[in-house]
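# Show me how the following folds:
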Amino acid sequence: MPNANKTGKLVSLWEMSKVESIEEFYQRKFDWIPDNIRNEIGHFNVFQHEPVEPGKTKPLPYKRRDFYKIMLVVGNIHMNYADQVVTVKKQALFFSNPQIPYNCENLEKIEAGYYCIFNQHFFHQFGDLNQYSVFQPAGNHVFELSDEQATHIAGIYNKMFDEINSEYLHKFDVLRNLVFELLHFAMKIQPATKFDKQHLNASRRISTLFLELLERQFPIDENHQSLNLRSASDFSSQLNVHVNHLNRAVKETTEKTTSQIIAARILQESKILLKHSAWTVSEIAFALGFTEVTHFNNFFKKHVQLSPLKFRNI
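Okay, here's the model as predicted:
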């Protein structure tokens with residue numbers, strides 16, 4: 001029997017694994033598609049949140065998008081982000097990327113805010129967005145803001161509006177810089193690193209490759225039904241580095257062990273499949289690389305203190 005998400009709507013695994021394109025976003029949100037959406041410089045746009053009357057909001061589908069989004073939201077809402085539910089009590093800055101599915105509940109409670117969207121091609125030859133922690137699987141993606149911080153962020157979005165509506169020849173360079181300003185503002189909120197810079201950069205490269213390789217195995221769906229890399233040694237062999245070297249690099253940059261991160265990602269995927277797919281517990285267990293269902297049950301109960309079936313039925 002298909003499973004139900006938090007809003008009670010039945011969601012098939014096929015629906016969950018679909019990726020919303022930037023064209024589909026415009027069609028769903030505005031009922032129109034820009035002519036230059038796939039041009040040679042990539043796509044960028046910025047919007048202001050408009051208050052919506054209760055009962056007139058269009059539900060935001062729980063799925064991945066093929067574009068990036070950075071959103072300042074003011075209001076009491078819930079963000080369903082991968083396996084997490086983040087409650088925004090007053091205001092927050094939110095980063096989404098093409099790897100992780102999400103949606104937002106209580107849209108009618110958004111009082112104000114802004115958001116910009118852009119695709120990977122917009123930053124072609126201007127840097128790799130995935131090197132920044134706000135767009136990495138193990139990074140922070142939601143940042144609660146003080147009133148002063150929210151005012152500062154709103155100012156950056158207002159600069160975006162000024163630039164995108166201007167006739168300045170190099171306005172898209174300015175817009176890229178403003179996106180970077182948002183990225184660095186958020187990352188500065190996080191605790192500063194305590195490692196030597198040169199050594200950390202080398203460790204970060206290895207750690208980033210590991211995280212990208214880990215994330216590339218997901219989501220588990222009809223087209224990708226099994227996990228191939230499950231241990232630190234599996235990843236070190238694939239990356240052609242000694243397993244001890246990989247473990248040190250990951251520990252230094254994330255303060256977690258390689259095994260902890262792998263287990264956390266498998267646990268995250270298992271929660272998503274239990275809540276949003278119609279697969280049985282056995283099917284989920286084997287897809288995630290467990291040779292016995294009991295091994296999966298023990299793994300899940302160890303981390304969640306509930307059996308997979310009890311978690312699914314909550």
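
# Show me where the stretch 1-150 of the chain has its helices.
With DSSP state H, counting those that start in this stretch, the ranges of helices along the stretch 1-150 of the chain come out as 13-17, 22-30, 147-164.

# Nearest residue to residue 303 in space, please, no chain neighbours.
Once flanking residues are discounted, residue 303 sits nearest to residue 267: 5.2 Å by C-beta to C-beta, 6 or more residues apart in numbering. Any C-beta I mention is one placed from the backbone N, CA and C, and that applies to glycine too.

# got the contact list for residue 89?
76, 144 (C-beta atoms under 8 Å, 6 or more residues apart in numbering).

# Relative to its centre, which residue of the protein is most distant?
The C-alpha centroid of the chain is most remote from residue 167, which lies 33.4 Å away (C-alpha atoms, centre = their mean).

# On the three-state scheme, that residue is what?
Judged by DSSP: H, G, I helix; E, B strand; the rest coil, the three-state class of residue 167 is coil.

# Please, which helix or strand holds the spatially closest residue to residue 230 that is not a sequence neighbour?
Counting by C-beta to C-beta, 6+ apart, residue 230 lies nearest to residue 289, which is 4.8 Å off, once chain neighbours are set aside. Secondary structure assigned from DSSP states H and E places residue 289 in neither a helix nor a strand.

# give me the number of residues near residue 289?
18 (other C-beta atoms under 10 Å).

# I'd like the distance between it and residue 160.
From residue 289 across to residue 160, the span is 44 Å (C-beta to C-beta, to the nearest Å).

# likewise residue 265?
Using C-beta to C-beta, residue 265 is found at 33 Å from residue 160.

# What segments of the stretch 151-300 of the chain are helices?
Per DSSP H, counting those that start in this stretch, the stretch 151-300 of the chain carries helices over the ranges 171-189, 197-215, 232-239, 243-254, 258-276, 281-287, 293-304.

# list the buried ones in the first one?
In other words, helix 171-189. For helix 171-189, the buried set under the neighbour-count rule, 16 or more other C-beta atoms under 10 Å, comprises 171, 172, 175, 176, 178, 179, 181, 182, 183, 185, 186.

# Give me the pLDDT for the second one.
In this case it means residue 172. We note a pLDDT of 94 for residue 172 in this prediction.

# Where does pLDDT dip in this structure?
1-18, 54-59, 61, 82-84, 137-138, 191-202, 222-224 (pLDDT under 70).

# Look up how far residue 116 lies from the residue nearest the centre of it.
By C-alpha atoms, centre = their mean, the chain has its centre lying nearest to residue 100, at 3.9 Å. For residue 100, the distance to residue 116 equals 18 Å [C-beta to C-beta].

# Equivalent analysis for residue 288, please.
35 Å.

# re the thing from before, doesn't residue 81 make contact with the residue nearest to the centre of the chain?
Yes. Here residue 100 reaches residue 81: they are 6.7 Å apart, a contact under C-beta atoms under 8 Å.

# what do these two both touch?
The contact sets of residue 100 and residue 81 overlap at residue 141 (C-beta under 8 Å, 6+ apart).

# What's the local residue count around residue 255?
Around residue 255 there are 11 residues (other C-beta under 10 Å).

# hang on, the earlier thing: same list (the helices of the stretch 151-300 of the chain) but as CSV, adding distance to residue 74.
Output for the helices of the stretch 151-300 of the chain, formatted as CSV (distance: least, C-beta to C-beta, whole Å):
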stretch, distance to residue 74
helix 171-189, 16
helix 197-215, 31
helix 232-239, 41
helix 243-254, 31
helix 258-276, 28
helix 281-287, 38
helix 293-304, 33
